[in-house]
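Asker: got a sequence here, can you model it:
(chains A and B)
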Amino acid sequence: MKEILFKLGHAAISFYAKGEHGIGQGNPDIQDYIMHHVRDQVVIPLNLLGFDLSITKHVIMLWLAAMVLMISLPLIVRSKSLVPRGPINFIEWIIVFLKENVIEPQLGKDANRYAPYFLTAFFFVITCNLLGLVPMGSTATGDISVTLALALFTMMLVQYSAMRHYGFVGYFKSFVPGDVPKAMIPIIFIIEIMSMFTKHLSLAIRLFVNMVAGHLVIFAILSLIFMFKNLLISPFPVFGIIFISLLEILIAVIQAYIFTILSAVFVGLAIRPNH
Amino acid sequence: MDLFNPQSGTIFWTVLTFVIVLIVLRKYAWAPILKTLEERENKISDALEQAESNRIEAIKMREEQDKLLQDARQESTAMIEESKINAEKISQSILDNARTEAEHLLDRARKEIELSKRTAIDELRQYAVDLSLAVAEKLTEKALSKEDHLNLIERSLFEFTHSK
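Answerer: Residues are numbered from 1 along each chain as shown, chains lettered A, B, ... in the order given. Next up is the predicted model:
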């Protein structure tokens, strides 16, 4: 509720502010406004050795998520008692769920070796997703750069686990199934390499689009008020936004789960015999 | 639209942040919690096993106890039965003894009575003779002749013996 009120107020102020400045009135403004909110913004420009390393709003949200995780989890986990009490129950429930339903079915006996990556990925993504729903926050996972970097980790883990499993030469051989005619091998090899990249690209795009879409829909519904310039229309956007916000909480959890389970599936496929 | 253009800076910061988070959480969160979970799992399965074996042992012990109890019950029943028979025997023999003893005593008493009766009769007879003699003496001194004496004695003796 607070979030919606905040966004409503913010939207109204900036909308009328723009109107006063005479930058233009009507729909193009609204589109700009929506894009402005979803897009990343540079907070501290930083250029190092020719690379643009600016600290943006999304980077700050990433750090915030990292701080939340690195402070809260070790504190919660600190109790050494065998009988769990308090918030550790919740964390353990999530971990056991991921371990038994995601990591172990896909990775089998290697589950314990790779579990830290999947647990970290899940908690990192879900924290970024949920922090994006907090007023004044922005969704770091609604940034293609962030999701690409995360997918890059999964891709590297897939390559690492496959090399570990098949050996360096076996790793390249594993791209081609055994019973393929010799003439087809180069084509299959290229297709497999491409599929490897698209797989992980889809991982990045899926998370990014899902997180952006909710915000786009919220702002689009919100804009109805300003398009119609009529207060009578406002109950529909308000309830619509409440509904979409609840949906976004659900999506935040689901997408973190999907990112984790797909990463596990990719690693599992890479190390499973008969690839 | 730069919404879909990856920014190298953001990618760099994401990689750096994620690596740090991964390293920190791996050491301070996942390792301890996974260890705790495993320990707890082991402990619970141990405890369950222990409970199961305890249960089996308890059942065995109960069966043993039941058996012992049943044996004891049987034994005691047998003992009671035996003692009942013994008691009957003893009481029978006591009764028999008492009966023979009583009969014996009765017999003796009867004999003694008979004996004393006979003695008493004899004594009485003697006494009667003496008394009659004394009475006769007194009487004969005054009125009776010798014949009268004898008659009298005869008669009284006759009467005495017949009246007996």
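
Asker: ok, residue A:76 touching residue A:89?
Answerer: No: the criterion here is Cβ atoms under 8 Å, and residue A:76 misses it with residue A:89 at 9.7 Å. Every residue, glycine included, has its C-beta placed from N, CA and C.

Asker: more crowded one of these two?
Answerer: A count of neighbours by other Cβ atoms under 10 Å in any protein chain shown puts residue A:76 above the other of residue A:76 and residue A:89, at 17 against 11.

Asker: can I get the one helix or strand the more buried one maps to in PDB? Just the C-alpha atoms.
Answerer: Assigned by DSSP states H and E, residue A:76 falls within helix A:57-77. Provided in PDB are the C-alpha atoms of helix A:57-77 (Å, rounded to 0.1, in the frame of the first residue of the first chain):
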ATOM      1  CA  LYS A  57      21.200   2.700  -9.200                       C
ATOM      2  CA  HIS A  58      21.100  -1.000 -10.000                       C
ATOM      3  CA  VAL A  59      24.700  -1.500  -8.700                       C
ATOM      4  CA  ILE A  60      23.700   0.200  -5.500                       C
ATOM      5  CA  MET A  61      20.700  -2.200  -5.200                       C
ATOM      6  CA  LEU A  62      23.100  -5.100  -5.800                       C
ATOM      7  CA  TRP A  63      25.300  -4.000  -3.000                       C
ATOM      8  CA  LEU A  64      22.300  -3.500  -0.800                       C
ATOM      9  CA  ALA A  65      21.200  -7.100  -1.500                       C
ATOM     10  CA  ALA A  66      24.700  -8.300  -1.000                       C
ATOM     11  CA  MET A  67      24.900  -6.500   2.400                       C
ATOM     12  CA  VAL A  68      21.500  -7.900   3.500                       C
ATOM     13  CA  LEU A  69      22.600 -11.400   2.600                       C
ATOM     14  CA  MET A  70      26.100 -11.200   4.000                       C
ATOM     15  CA  ILE A  71      25.000  -9.700   7.300                       C
ATOM     16  CA  SER A  72      21.700 -11.500   7.900                       C
ATOM     17  CA  LEU A  73      22.500 -15.100   6.900                       C
ATOM     18  CA  PRO A  74      25.700 -15.600   8.900                       C
ATOM     19  CA  LEU A  75      23.900 -14.000  11.900                       C
ATOM     20  CA  ILE A  76      20.900 -16.300  11.500                       C
ATOM     21  CA  VAL A  77      23.000 -19.400  10.900                       C
END
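
Asker: list the contacts of it.
Answerer: By Cβ atoms under 8 Å, 6 or more residues apart in numbering or on different chains, the residues outside helix A:57-77 that reach it are A:40-41, A:43, A:86-88, A:91, A:123-124, A:127-128, A:131-132, A:137-140, A:142-143, A:145-146, B:9-10, B:13-14, B:17, B:20-21, B:24-25, B:28-29, B:32-33, B:36.

Asker: residue nearest the centroid of chain A?
Answerer: In chain A, the residue lying closest to the centroid (Cα atoms, centre = their mean) is residue A:141, at 3.8 Å.

Asker: ok, that one - contacts?
Answerer: Per Cβ under 8 Å, 6+ apart, neighbours of residue A:141: A:125, A:128-129, A:132, A:147, A:150, A:207-208, A:211, A:255.

Asker: where does it land in three-state SS?
Answerer: Counting by DSSP: H, G, I helix; E, B strand; the rest coil, the backbone at residue A:141 sits in helix.

Asker: roughly how far apart are it and residue A:236?
Answerer: 29 Å (Cβ to Cβ, to the nearest Å).

Asker: same thing with residue A:116?
Answerer: For residue A:116, the distance to residue A:236 - Cβ to Cβ - is 46 Å.

Asker: who's more crowded, the two?
Answerer: Comparing residue A:116 with residue A:236 by other Cβ under 10 Å, the one with more neighbours is residue A:116, at 18 against 13.

Asker: which parts of the stretch 101-250 of chain A are helices?
Answerer: With DSSP state H, counting those that start in this stretch as the criterion, the stretch 101-250 of chain A has helices at A:104-107, A:111-131, A:144-166, A:168-173, A:185-228, A:235-271.

Asker: can I get those in a markdown table with distance to residue A:64 and mean pLDDT?
Answerer: Listed next are the helices of the stretch 101-250 of chain A as a markdown table, based on distance: least, Cβ to Cβ, whole Å; pLDDT from 0 to 100:
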| stretch | distance to residue A:64 | mean pLDDT |
| --- | --- | --- |
| helix A:104-107 | 30 | 85 |
| helix A:111-131 | 6 | 90 |
| helix A:144-166 | 13 | 89 |
| helix A:168-173 | 38 | 78 |
| helix A:185-228 | 16 | 87 |
| helix A:235-271 | 15 | 90 |
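
Asker: just the ones you listed: most buried one?
Answerer: Each of the helices of the stretch 101-250 of chain A was scored by mean neighbour count; the highest is helix A:111-131, a mean of 23, by mean count of other Cβ atoms under 10 Å in any protein chain shown.

Asker: what's the angle from that helix to helix A:57-77?
Answerer: Between helix A:111-131 and helix A:57-77, the angle comes out at 120 degrees (axes from the mean of the first three to the mean of the last three Cα atoms, to 10 degrees).

Asker: against chain B, how distant is residue A:35?
Answerer: 7 Å (Cβ to the nearest Cβ, to the nearest Å).

Asker: pretty sure that residue is in contact with residue B:3, am I right?
Answerer: Yes: taking contacts as Cβ under 8 Å, residue A:35 lies within contact range of residue B:3: 6.9 Å.

Asker: which residue comes closest to the single nearest residue of the stretch 151-275 of chain A relative to chain B once chain neighbours are left out?
Answerer: Closest residue of the stretch 151-275 of chain A to chain B, Cβ to the nearest Cβ: residue A:153 (6.4 Å). Setting aside the residues directly before and after it, residue A:153 is nearest to residue B:18 in space (Cβ to Cβ, 6 or more residues apart in numbering or on different chains), at 6.4 Å.

Asker: over to the one you found: give its phi and psi.
Answerer: When read as degrees, to the nearest 10, the backbone of residue B:18 gives phi -70, psi -40.

Asker: then residue A:48?
Answerer: Phi and psi for residue A:48, reported as degrees, to the nearest 10, are phi -120, psi 120.

Asker: next, count neighbours for it.
Answerer: A count of nearby residues for residue A:48, using other Cβ under 10 Å, gives 10.

Asker: where's the closest residue to residue A:126 other than its chain neighbours relative to residue A:124, distance?
Answerer: Of all residues not flanking residue A:126 in the chain, residue A:256 sits nearest, at 3.7 Å (Cβ to Cβ, 6+ apart). Counting by Cβ to Cβ, the separation of residue A:256 from residue A:124 is 8 Å.

Asker: and what of residue B:55?
Answerer: Counting by Cβ to Cβ, the gap from residue B:55 to residue A:124 is 46 Å.
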